[in-house]
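Undergrad: Please work out how this folds:
(4 chains)
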Protein chains: 2
Amino acid sequence: MSDADRIFKDSIYEQIARVGRAVAHPRRLELLDLLCQAPMTVEQLAQKSALPIGSASQHLQHLKAARLVIADRQGTYMRYRLKDDLSCSLLHTLKTVAEQYYAEMRVITEDFLMDHQNLQAVSITDIQTRGADDSLTLVDVRPVEEYKAGHWPGAISIPLEALADRLMELPVDHTIVAYCRGPYCLLSLHAVKTLQREGFHAVRLIEGVSDWRARGLPIVLGDAPLK
Amino acid sequence: MSDADRIFKDSIYEQIARVGRAVAHPRRLELLDLLCQAPMTVEQLAQKSALPIGSASQHLQHLKAARLVIADRQGTYMRYRLKDDLSCSLLHTLKTVAEQYYAEMRVITEDFLMDHQNLQAVSITDIQTRGADDSLTLVDVRPVEEYKAGHWPGAISIPLEALADRLMELPVDHTIVAYCRGPYCLLSLHAVKTLQREGFHAVRLIEGVSDWRARGLPIVLGDAPLK
DNA sequence: CAGATATTCCATTGATCAATAGAAAGGTAT
DNA sequence: ATACCTTTCTATTGATCAATGGAATATCTG
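TA: A predicted model of the protein is given here:
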């Protein structure tokens, strides 16, 4: 093989490695995961990922340099968002590999859930099969901005923080299905605990919006009529 | 959010980042790409990627630790292979992101191909549409082991090294379609140049076996009858 | 234009990772 | 058992990356 050939290959693999390096840090993955939910400012991202603003900004710069996300100014805020759904698919692929290849993922999840008994979880396919059944109420417990940026058809928005004050909006005779950002987001878990404490029959939906997005399932934008 | 919640999330993202770190280095991507073709020994991998044995071994350890590949001893040789096709899909996703998001990929490829004029390239869909047309001969110019580990149905195996000596096996009135490991492998490029110099009408197939594998297209194993 | 706010830049420190060469380990064959 | 071969381990050096805090920049408001 000639020198020119070698240089060509090195350049190509170097470009692919740019993608790899961008997703080689846990904090950046968390930020990317959040951006799969909705566009957000640095401040929001830092708060939701429990990062100092400076660090969050630096990691976002890194993601921007790898062009997985783009940033645009909105007044004094800087708003970051995914370049497109391919970034979301990339993260989804990485999660799938980790879930398939690392038994640690199961162990970590199971160990954690041991502390939270009585938490029934359902999958989106379960919901779809008993779709005709009308005794389910789907609740999106993420912050409202994320709901507006895309939510499951028919779901109503009650952010976890407001849940305790808005229980009267929920039908007592229904099964309440709470969902959030995905299997590793804990909003729906806490929602279900609250609901059960208040006497509702509540279950947790495993998947989140980004999982549906990566799979090409339908997502509704904007406000939806409350039931 | 409680401390336990934060520890859980950190652990989960740390696991996902293991995947990211494994693919964050150009040399490891090249090794993974090679393993998408066929299982190989450390020596073969080192030779094909122009790496010192020690470095190749170290990078393979890294891939093994991330469980994208597995190793088993065969006599004095150590044979590495992909864990399964999911590793291949992972690499395919990374390539797709790089191709979609980085104009540099196009620039590098175009600059390189400037030095190689008269190189017509066809896609696998082109081949499939004119499938009924019988005037095509598909040639797999990779090393025989890789051909045996999976090749396009109907393709014959003539490794690039043997091509000059085996021209008589090719029909002069056909269009010869050469393929190799993928768009960034240069074996088919050199094959087409050789064939053209010898008076054949030859074109390069853009995709390689790993691209078909990642897409779930049919692949034939073992020796195939020569035409 | 001054003051307030959000974000980025910069410089420093510590940590992790890559490349290399030579020694060691595991396996085969005589 | 010895010699030989392939691969891995170990240690060192240099390079890159992450975290942090404080200064600088950009925008909006009064």
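Undergrad: domain parsing for chain A?
TA: A:3-87, A:111-215 (automatic domain parsing).
Undergrad: lowest-confidence stretch among those?
TA: Least confident of the domains of chain A, judged by mean pLDDT, is domain A:111-215 with a mean of 90.
Undergrad: how long is it end to end?
TA: Counting by CA to CA, to the nearest Å, you get 28 Å between the two ends of domain A:111-215.
Undergrad: now for the domains of chain A, which one comes closest to DNA strand D?
TA: Ranking the domains of chain A by their distance to DNA strand D (criterion: CB to the nearest atom of the strand) puts domain A:3-87 first, at 3.6 Å. C-beta here means a position set from N, CA and C on the backbone, and glycine is covered the same way.
Undergrad: related to what we said a few turns ago, can you list the domains of chain A in a markdown table and add mean neighbour count and distance to DNA strand D?
TA: Shown next, in a markdown table, are these (neighbours: other CB atoms under 10 Å in any protein chain shown; distance: least, CB to the nearest atom of the strand, whole Å):
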| stretch | mean neighbour count | distance to DNA strand D |
| --- | --- | --- |
| domain A:3-87 | 19 | 4 |
| domain A:111-215 | 17 | 18 |
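Undergrad: closest to DNA strand C out of those domains?
TA: Here domain A:3-87 is closest among the domains of chain A (CB to the nearest atom of the strand), at 3.2 Å.
Undergrad: measure that closest one end to end?
TA: Chord length of domain A:3-87, first to last residue, is 34 Å (CA to CA).
Undergrad: hmm, that domain touching chain B?
TA: Yes. For domain A:3-87, a contact with chain B is found by CB under 8 Å from any CB of the partner chain, at A:4-6, A:8-27, A:29-30, A:33, A:50, A:66-68, A:83, A:86-87.
Undergrad: what do you get for stretch A:156-171?
TA: No. Stretch A:156-171 stays clear of chain B (CB under 8 Å from any CB), getting no nearer than 10.5 Å.
Undergrad: what about that stretch, distance to the chain center?
TA: 20 Å (CA atoms, centre = their mean, to the nearest Å).
Undergrad: Check stretch A:155-171 too.
TA: Here stretch A:155-171 is found 20 Å from its chain centre; the criterion is CA atoms, centre = their mean.
Undergrad: got the contact list for that stretch?
TA: A:137-144, A:147, A:151, A:176, A:179-180, A:187, A:190-191, A:194-195, A:198, A:200, A:224, A:226-227 (CB atoms under 8 Å, 6 or more residues apart in numbering or on different chains).
Undergrad: So which of those belong to strands?
TA: In this view, the contacts of stretch A:155-171 that belong to strands under DSSP state E are A:137, A:138, A:139, A:140, A:176, A:179.
Undergrad: Does the first one touch residue A:175 like I think?
TA: Translated: residue A:137. Yes. Taking contacts as CB atoms under 8 Å, residue A:137 lies within contact range of residue A:175: 7.3 Å.
Undergrad: Chain A: helices as residue ranges?
TA: For chain A, helices defined by DSSP state H occupy the ranges A:3-22, A:26-35, A:42-48, A:53-65, A:85-101, A:103-114, A:124-129, A:144-148, A:160-163, A:187-197, A:209-215.
Undergrad: Any chance of TSV for the domains of chain A, columns distance to DNA strand C?
TA: Below are the domains of chain A laid out as TSV (distance: least, CB to the nearest atom of the strand, whole Å):
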stretch	distance to DNA strand C
domain A:3-87	3
domain A:111-215	14
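Undergrad: In JSON lines, list the helices of chain A along with distance to residue B:126.
TA: Shown next, in JSON lines, are the helices of chain A (distance: least, CB to CB, whole Å):
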{"stretch": "helix A:3-22", "distance to residue B:126": "23"}
{"stretch": "helix A:26-35", "distance to residue B:126": "36"}
{"stretch": "helix A:42-48", "distance to residue B:126": "45"}
{"stretch": "helix A:53-65", "distance to residue B:126": "36"}
{"stretch": "helix A:85-101", "distance to residue B:126": "25"}
{"stretch": "helix A:103-114", "distance to residue B:126": "41"}
{"stretch": "helix A:124-129", "distance to residue B:126": "38"}
{"stretch": "helix A:144-148", "distance to residue B:126": "43"}
{"stretch": "helix A:160-163", "distance to residue B:126": "53"}
{"stretch": "helix A:187-197", "distance to residue B:126": "48"}
{"stretch": "helix A:209-215", "distance to residue B:126": "30"}
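Undergrad: out of everything not next to it in sequence, what's closest to the most centrally placed residue in chain A?
TA: The geometric centre of chain A, computed from its C-alpha atoms, lies nearest to residue A:181 (CA atoms, centre = their mean), at 3.1 Å. Ranked by CB to CB, 6 or more residues apart in numbering or on different chains and with sequence neighbours excluded, the top spatial neighbour of residue A:181 is residue A:208, at 4.4 Å.
Undergrad: residue contacts, the one you found?
TA: Residues in contact with residue A:208 (CB under 8 Å, 6+ apart) are A:37, A:179, A:180, A:181, A:182, A:183, A:185.
Undergrad: Now do the contacts for the last one.
TA: When the contact criterion is CB under 8 Å, 6+ apart, the partners of residue A:185 are A:142, A:208.
Undergrad: Could I get the phi/psi values of it?
TA: The phi and psi values for residue A:185, taken as degrees, to the nearest 10, are phi -90, psi 140.
Undergrad: So the nearest residue to residue A:52 once chain neighbours are set aside versus residue B:57, what's the distance?
TA: Closest residue to residue A:52 apart from its sequence neighbours, by CB to CB, 6+ apart: residue A:46 at 6.8 Å. Counting by CB to CB, to the nearest Å, the separation of residue A:46 from residue B:57 is 41 Å.
Undergrad: likewise residue A:101?
TA: In this view, residue A:101 and residue B:57 are 21 Å apart by CB to CB.
Undergrad: got it, and residue A:114?
TA: To residue B:57, residue A:114 is 40 Å away according to CB to CB.
Undergrad: now residue A:14
TA: 22 Å.
Undergrad: Also residue A:163?
TA: Distance of residue A:163 to residue B:57, computed by CB to CB: 54 Å.
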